[in-house]
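[1] Next input, structure requested:
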Amino acid sequence: MNFKIVIQDWNSRPWWMSLIFYFCIYMTFIYMPFDLFLKPVAEDEEIWFGFTLTGWYAKATEPLHWLIYGFGAYGFWRMKKWMWPWASVYVAQIVIAMFVWNILKDNNLMAASISALIFCIPMVALWRSKDKFTG
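    Predicted coordinates for the structure are as follows:
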């Protein structure tokens with residue numbers, strides 16, 4: 001593998017945005033195919049807005065997650081204009097999900113608040129990055 005290409009690509013956007021891009025690549029090409037095609041239905045879990053779906057309900061929503069990661073990977077790769085505001089809107093859903101999931105799981109307001117605040121950082125950064133999405 002030519003690491004110069006990877007380094008050049010990494011440097012084509014802010015480091016934190018490249019981190020999100022490569023996470024989307026991993027999820028699109030490695031994890032989601034495993035999750036959809038190899039993971040047994042009995043072990044499937046998907047989180048939407050903090051609510052855990054299991055079994056066939058989880059399996060049925062996996063293609064939507066796969067599609068989101070695929071569009072995210074493509075959008076960050078080409079820095080597409082349509083990524084703003086949708087990337088930050090999706091991360092806002094993650095903020096809500098982290099808060100709700102922690103409340104439902106452990107009824108722990110502190111953990112819910114901290115985990116939600118952590119994901120507020122990329123949400124705000126993406127919201128403020130309209131000028132970066134020029135493709």
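[2] And the helices in this structure?
    3-10, 15-26, 32-37, 55-78, 83-106, 109-127 (DSSP state H).
[3] If you count neighbours, what's buried in the third one?
    Neighbour-count burial for helix 32-37, counted by 16 or more other Cβ atoms under 10 Å, picks out 32, 35. For glycine as for every other residue, the C-beta is placed from the backbone atoms N, C-alpha and C.
[4] what residues does that helix touch?
    Helix 32-37 has contacts (Cβ atoms under 8 Å, 6 or more residues apart in numbering) with 44, 59, 62-63, 65-66, 69.
[5] got the helices of the chain as TSV, with distance to residue 49 and mean pLDDT columns?
    Shown next, in TSV, are those (distance: least, Cβ to Cβ, whole Å; pLDDT from 0 to 100):
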stretch	distance to residue 49	mean pLDDT
helix 3-10	32	93
helix 15-26	20	98
helix 32-37	19	97
helix 55-78	11	98
helix 83-106	5	97
helix 109-127	12	98
